[in-house]
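K.L.:
Sharing a model that was predicted from the sequence below.
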Amino acid sequence: MKKLRVAVIGARGRMGAEAVRAVAEAEDMELVAAIGRGDALTELVDAGAEVAVELTHPDAVMGNLEFCARHGIHGVVGTTGWTSERLDELNGWLADSPGTGVLIAPNFGIGAVLTMRFAQQAARFFESVEIVELHHPDKADAPSGTAVRTAQLIAGARREAGLAAQPDATSASLAGARGADVEGVPVHAVRLRGLVAHQEVLFGDEGEIFTLRHDSMNRGSFMPGVLLGVRRVGGVPGLTFGLEHFMELDG
Ligand SMILES: NC(=O)C1=CN([C@@H]2O[C@H](COP(=O)(O)OP(=O)(O)OC[C@H]3O[C@@H](n4cnc5c(N)ncnc54)[C@H](OP(=O)(O)O)[C@@H]3O)[C@@H](O)[C@H]2O)C=CC1
Ligand SMILES: O=C(O)C1=N[C@H](C(=O)O)C[C@H](O)C1
């Protein structure tokens, strides 16, 4: 069997180290490069990497992906901090490199992807919704990429259903007390030693509260999603946003 030649960028980080282990143990993959800060990206080309798993930092991800796109190396990206401007730039590089695929997964956890899907489905039935995401205190970005994506999906479903803005009579508050406003959905970020990655989506209506909760108890929980992305990305040129597109959720 021909093995997929896979590299990890950010290999010495919390997620990167886990990904190095998962790729090395996968029977259909060969780990050909483990790139850390200060290592040359040309190692990817020298090693003949077909897919690069990118798990670094919002400040580093764009340079790494530009290099990969230029060299026809597919990307599986967990790094957060995505804006529409960044996605446009990435799409530009991919347009110049037809055949190259990039998957950006706000969350590789299967349960987290399902939470996002269920939240999207529930959104039109409830007047109010708020998101609480809870993470370890070493995380660089807030709110989490998962929470932003969840809020965007909920907001889109509310718009489609013609729902009005949520009720909120707050007229005096301390800055931040009502969370970040992501397309009309309040998102609250908790940073606490002992946590890994957790999210609650709270829906409310008259006399009824509906809560969706997902907990990643360790970073091994993300690895089945990472490996799924690595196996599938080469067959899907261009940008794919969200692991759900590789999970056949609709059939
Ligand atoms: N999509 C998902 O399911 C998940 C996504 N994440 C995201 O993945 C990213 C990484 O998270 P995590 O592993 O916890 O973070 P860490 O800080 O533990 O790891 C990041 C690693 O990337 C390295 N790094 C920074 N810049 C570069 C660069 N230019 N080239 C190569 N390596 C670089 C860092 O080196 P140094 O230590 O020297 O700075 C560090 O080793 C974050 O954006 C996080 O939000 C995390 C978990 C799950
Ligand atoms: O930094 C993390 O740890 C995580 N980052 C991702 C995010 O921002 O959503 C995914 C998961 O929540 C863990």
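P.N.:
Nice, I can see it. Ligands and ions are numbered 1, 2, ... in the order given.

K.L.:
ok, which residues in the chain are in contact with ligand 1?
P.N.:
9-10, 12-16, 35-37, 55-57, 60, 78-80, 105-108, 222 (C-beta under 6 Å from any ligand atom). In this view, the C-beta of every residue, glycine as well, is placed from N, C-alpha and C.

K.L.:
List only buried entries from these.
P.N.:
The neighbour count (16 or more other C-beta atoms under 10 Å) marks 9-10, 13, 15-16, 35, 55-56, 78-80, 105-108, 222 as buried among the residues of the chain next to ligand 1.

K.L.:
neighbours around residue 3, how many?
P.N.:
Neighbour count of residue 3, defined by other C-beta atoms under 10 Å: 13.

K.L.:
what's the distance between it and ligand 2?
P.N.:
Counting by C-beta to the nearest ligand atom, to the nearest Å, the gap from residue 3 to ligand 2 is 28 Å.

K.L.:
repeat for residue 15
P.N.:
Taken as C-beta to the nearest ligand atom, the span from residue 15 to ligand 2 is 7 Å.

K.L.:
Closest to the centroid, which residue in this protein?
P.N.:
By C-alpha atoms, centre = their mean, the mean C-alpha position of the chain lies nearest to residue 106, the distance being 1.0 Å.

K.L.:
List phi and psi for it.
P.N.:
Phi and psi for residue 106, reported as degrees, to the nearest 10, are phi -50, psi -30.

K.L.:
quick one: contacts for it?
P.N.:
Shown in contact with residue 106 (C-beta atoms under 8 Å, 6 or more residues apart in numbering): 80, 82, 116, 144-146, 148-149, 242.

K.L.:
ok, the residues you listed vs ligand 1, which is closest?
P.N.:
Ranked by distance to ligand 1 (C-beta to the nearest ligand atom), the contacts of residue 106 are led by residue 80 at 4.0 Å.

K.L.:
my guess is the closest one meets residue 143, correct?
P.N.:
No: with contact defined as C-beta atoms under 8 Å, residue 80 does not count as touching residue 143 (9.6 Å).

K.L.:
Could you tell me which of the residues of the chain next to ligand 1 are located in helices?
P.N.:
Restricting those to those inside helices, with DSSP state H as the criterion, leaves 14-16.

K.L.:
Out of these, the closest to residue 184 would be?
P.N.:
residue 15 (30.7 Å; C-beta to C-beta).

K.L.:
pretty sure that closest one contacts residue 221?
P.N.:
No: the criterion here is C-beta under 8 Å, and residue 15 misses it with residue 221 at 11.0 Å.

K.L.:
Mind listing the shared neighbours of the two?
P.N.:
By C-beta under 8 Å, 6+ apart, residue 15 and residue 221 have no common neighbours.

K.L.:
what's the pLDDT at residue 251?
P.N.:
The model reports residue 251 with a pLDDT of 69.

K.L.:
mind checking how far the closest residue to ligand 1 within the stretch 1-150 of the chain is from residue 139?
P.N.:
Sorted by distance to ligand 1 under C-beta to the nearest ligand atom, the residues of the stretch 1-150 of the chain start with residue 13, at 2.0 Å. Residue 13 sits at a distance of 12 Å from residue 139 (criterion: C-beta to C-beta, to the nearest Å).

K.L.:
Does residue 181 lie in a helix or a strand, and which?
P.N.:
strand 180-182 (DSSP states H and E).

K.L.:
Any residue of that strand touching ligand 2?
P.N.:
No: Strand 180-182 lies apart from ligand 2 when judged by C-beta under 6 Å from any ligand atom; the minimum separation is 12.7 Å.

K.L.:
List the neighbouring strands of that strand plus their orientation.
P.N.:
Using DSSP bridges, strand 180-182 pairs in its sheet with strand 185-191 (antiparallel).
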